[in-house]
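Q: Generate a structure from the sequence data that follows.
(one chain, ligands or ions: 2)
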Amino acid sequence: MMNLTYPIMLHLEGKKVVVIGGGKVAERKVCGLLDTGALITVISPEATDELQKLARTGQILWAKHRFCAEDIKDAFIIFAATNDRLLNQQVKESAAPSQLVLMVDNPCESDFQLPSSFRRGRLSIAVSTGGASPTLARKIRTRLEQEFDPSYEEYLEFLYLKRKWIINEVADTALKRKLLTAIADDEFLFSPDREGDFQRLYESMI
Ligand SMILES: C[C@@]1(CC(=O)O)c2cc3[nH]c(cc4nc(cc5[nH]c(cc(n2)[C@H]1CCC(=O)O)[C@@](C)(CC(=O)O)[C@@H]5CCC(=O)O)C(CC(=O)O)=C4CCC(=O)O)c(CCC(=O)O)c3CC(=O)O
Ligand SMILES: NC(=O)C1=CN([C@@H]2O[C@H](COP(=O)(O)OP(=O)(O)OC[C@H]3O[C@@H](n4cnc5c(N)ncnc54)[C@H](O)[C@@H]3O)[C@@H](O)[C@H]2O)C=CC1
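A: Numbering: from 1, shown residues only. Ligands and ions are numbered 1, 2, ... in the order given. This next block holds a predicted model:
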């Protein structure tokens, strides 16, 4: 029986992430890293138009040369995303055991895999098939995007602010618990007046 993977949400602000290769797959991995605050470097003699644009606008660094071991010094995460299987393997071998390496053509020997994911503000939804079928992961993600539509972004912001308020202002543990459960009810998702509904709920409980 194979070991299971462990889902995790990483804070990457200020962390060095190196992507070896500048093709379509490298581009997809890079796009998923934008807006995380990671310091992204692409190592590749060639790069897609989109990667070149990201380099021009300063969102990533592009080192226009072939991989050498020095490139991954101090990297927290490394994507070996070239079309050369041996080179991808060599990247893994050049890395320290504590560095997280993903080889795009070798899931079994990689330290992690990427799920298919989307965001609605503070809400992240990620789907993994453990390498069985990235296409199915994408299909499920597309289905979930319909259910968890863009209205969730505002809803999550409401939940975030109200939860913070409740934790800071409500001392009674039982009432706190009741309020935190109540704000996650569908009623607030569909409400045209969340603030008013919350005030009424709060007053009915105190
Ligand atoms: C193990 C994993 C490691 C990793 O993270 O890279 C991996 C590995 C491989 N992918 C391959 C192929 C494809 N990958 C995609 C797409 C995605 N691949 C992603 C993740 C993962 N891919 C990880 C497992 C995730 C899981 O299982 O759930 C997604 C979800 C996330 C992302 O990349 O950001 C993103 C969809 C994003 C989205 O749209 O939502 C497509 C479809 C397409 O391009 O449209 C195809 C072609 C069709 C097909 O194969 O199904 C190949 C074979 C290469 C070959 O030999 O041809 C390998 C290598 C192997 O399997 O050995
Ligand atoms: N994990 C995943 O999600 C997927 C993985 N794959 C795998 O990913 C590989 C790459 O796919 P694409 O991006 O479409 O290929 P591609 O051919 O578009 O790009 C390959 C890139 O690698 C770079 N490269 C080659 N040798 C290099 C070296 N020594 N140093 C630095 N860069 C070097 C090239 O300049 C090029 O930019 C495929 O061969 C396939 O095995 C394919 C689809 C999905």
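Q: ranges for the helices of the protein?
A: Taking DSSP state H as the criterion, the chain carries its helices at 24-33, 49-56, 85-94, 134-147, 151-169, 173-183, 186-190, 194-205.
Q: Dump those to a markdown table, plus mean neighbour count and distance to ligand 2.
A: In this view, the C-beta of every residue, glycine as well, is placed from N, C-alpha and C. Output for the helices of the chain, formatted as a markdown table (neighbours: other Cβ atoms under 10 Å; distance: least, Cβ to the nearest ligand atom, whole Å):
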| stretch | mean neighbour count | distance to ligand 2 |
| --- | --- | --- |
| helix 24-33 | 18 | 3 |
| helix 49-56 | 16 | 8 |
| helix 85-94 | 16 | 5 |
| helix 134-147 | 13 | 6 |
| helix 151-169 | 14 | 27 |
| helix 173-183 | 14 | 38 |
| helix 186-190 | 12 | 33 |
| helix 194-205 | 13 | 39 |
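Q: ok, now how distant is residue 20 from residue 123?
A: 32 Å (Cβ to Cβ, to the nearest Å).
Q: And these two? Which one has more around it.
A: Between residue 20 and residue 123, counted using other Cβ atoms under 10 Å, the more crowded position is residue 20 (28 against 13).
Q: List the contacts of that one.
A: By Cβ atoms under 8 Å, 6 or more residues apart in numbering, the residues touching residue 20 are 26, 43-44, 67, 71-72, 78-82, 87-88, 91.
Q: What does the pLDDT read for the closest residue to residue 34 other than its chain neighbours?
A: Nearest residue to residue 34, sequence neighbours excluded (Cβ to Cβ, 6 or more residues apart in numbering): residue 59, at 6.2 Å. Residue 59 is assigned 98 on the pLDDT scale.
Q: Any chance of the backbone angles for residue 59?
A: Note on residue 59: backbone dihedrals following degrees, to the nearest 10 are phi -80, psi -20.
Q: before we move on, what about residue 110?
A: The phi and psi values for residue 110, taken as degrees, to the nearest 10, are phi -80, psi 160.
Q: Burial check on it, number of neighbours?
A: As a burial measure, residue 110 scores 19 neighbours (other Cβ under 10 Å).
Q: what about stretch 53-70, how long is it end to end?
A: 25 Å (Cα to Cα, to the nearest Å).
Q: who touches it?
A: Here stretch 53-70 makes contact (Cβ under 8 Å, 6+ apart) with 20, 22, 30, 34, 39-45, 47, 51-52, 71, 82, 87, 90-91, 94.
Q: Smallest distance to ligand 2 belongs to which residue of this protein?
A: Distances between the chain and ligand 2 by Cβ to the nearest ligand atom are smallest at residue 23, namely 2.0 Å.
Q: For that residue, give its distance to residue 112.
A: Using Cβ to Cβ, residue 23 is found at 20 Å from residue 112.
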